[in-house]
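K.L.:
Need the 3D shape of this:
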Amino acid sequence: MHTDQRARTPFRLSSLLLVSVLSIASIGLVAAHDGTHGLAHETGVAKGGDFTLDSTAGPVALKQFRGKVVVLYFGYTFCPDACPTTLSALGGAMRSLTPADATQIQPLFITLDPARDDVKRMAEYSRFFYPTMLGLRGSEERLAAVAKQYGVLFAKQKVDSAANYVVDHSSFLYVVGTDGKLSRSVPYGAPPLEIAAALRAALPHSAK
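P.N.:
Residues are numbered from 1 along each chain as shown. Modelled structure (predicted):
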């Protein structure tokens, strides 16, 4: 049976660097694509709520970040455009904040492709965009439940074989306040300064 060899290939920092450089060049623009990201600008009913997923350090629960602002992004490491573009913008937004504000914000990247994204790959990919960003995964059932909580729409699309596919998905950033409740969402294509403003707005008054 044919398998996707990319899924077995160790993550390459040099490859990610190339993707990131190309993505940074397109920050603030809505990248043209071949239809594999028709859901990038779509989102369902987002209610938010707690969840627990897996990282290289073990289970990570949203509630453990109470008192911090959490920014969530759902995607996958094989994503050709929307994910590296949005994560580059988020990293730029985090770097534009004061150190005091940045330490009060926790970025989380949640995969929608657990078949190819193990915890090690998620950790390496996430840290490249911002050092404290955590990459999370879980079973298909758990990830589908968390995605539904946050209104994330996604669908696997076969390219030329069952093993070669892309995942069409919502490409919003979801900002969770210090009380653990969903505060706002930031649409696909938002530049770093707009993302940074949304993050600062969610911080307690004393931190602004």
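K.L.:
Only C-alpha atoms from now on, for both contacts and neighbour counts.
P.N.:
Fine.
K.L.:
Need the residue closest to the centroid of the protein.
P.N.:
Tyr73 (2.7 Å; CA atoms, centre = their mean).
K.L.:
would you say it is within a helix?
P.N.:
No. The assignment for Tyr73, made by DSSP: H, G, I helix; E, B strand; the rest coil, is strand rather than a helix.
K.L.:
Enumerate the beta-bridge partners assigned to it.
P.N.:
Beta-bridge pairing for Tyr73 (DSSP bridges): Phe109, Leu173.
K.L.:
Just the CA atoms of stretch 97-110, as CSV, please.
P.N.:
The C-alpha coordinates for stretch 97-110 follow below in CSV (Å, rounded to 0.1, in the frame of the first residue of the first chain):
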residue,chain,number,x,y,z
LEU,A,97,4.4,43.8,22.1
THR,A,98,6.3,45.0,25.1
PRO,A,99,8.1,42.2,27.0
ALA,A,100,5.7,42.7,29.9
ASP,A,101,2.6,42.2,27.7
ALA,A,102,4.1,39.3,25.7
THR,A,103,4.7,37.3,28.9
GLN,A,104,1.0,37.5,29.6
ILE,A,105,0.0,35.9,26.3
GLN,A,106,0.2,32.2,25.4
PRO,A,107,0.0,31.3,21.7
LEU,A,108,-1.3,27.8,21.0
PHE,A,109,-1.2,26.0,17.6
ILE,A,110,-3.7,23.1,17.3
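K.L.:
Show me the shaky parts of the protein.
P.N.:
1-37, 39-45, 159, 161-162, 205-208 (pLDDT under 70).
K.L.:
what's the single longest helix in it?
P.N.:
Longest helix of the chain, by residue count under DSSP state H: helix 82-96.
K.L.:
For that helix, which helices and strands make contact with it?
P.N.:
In terms of contacts (3 or more CA pairs under 8 Å, 6 or more residues apart in numbering; DSSP states H and E), helix 82-96 is packed against helix 13-25, helix 119-129, helix 192-202.
K.L.:
and Pro131, how many neighbours does it have?
P.N.:
Residues contacting Pro131 under the criterion other CA atoms under 10 Å number 12.
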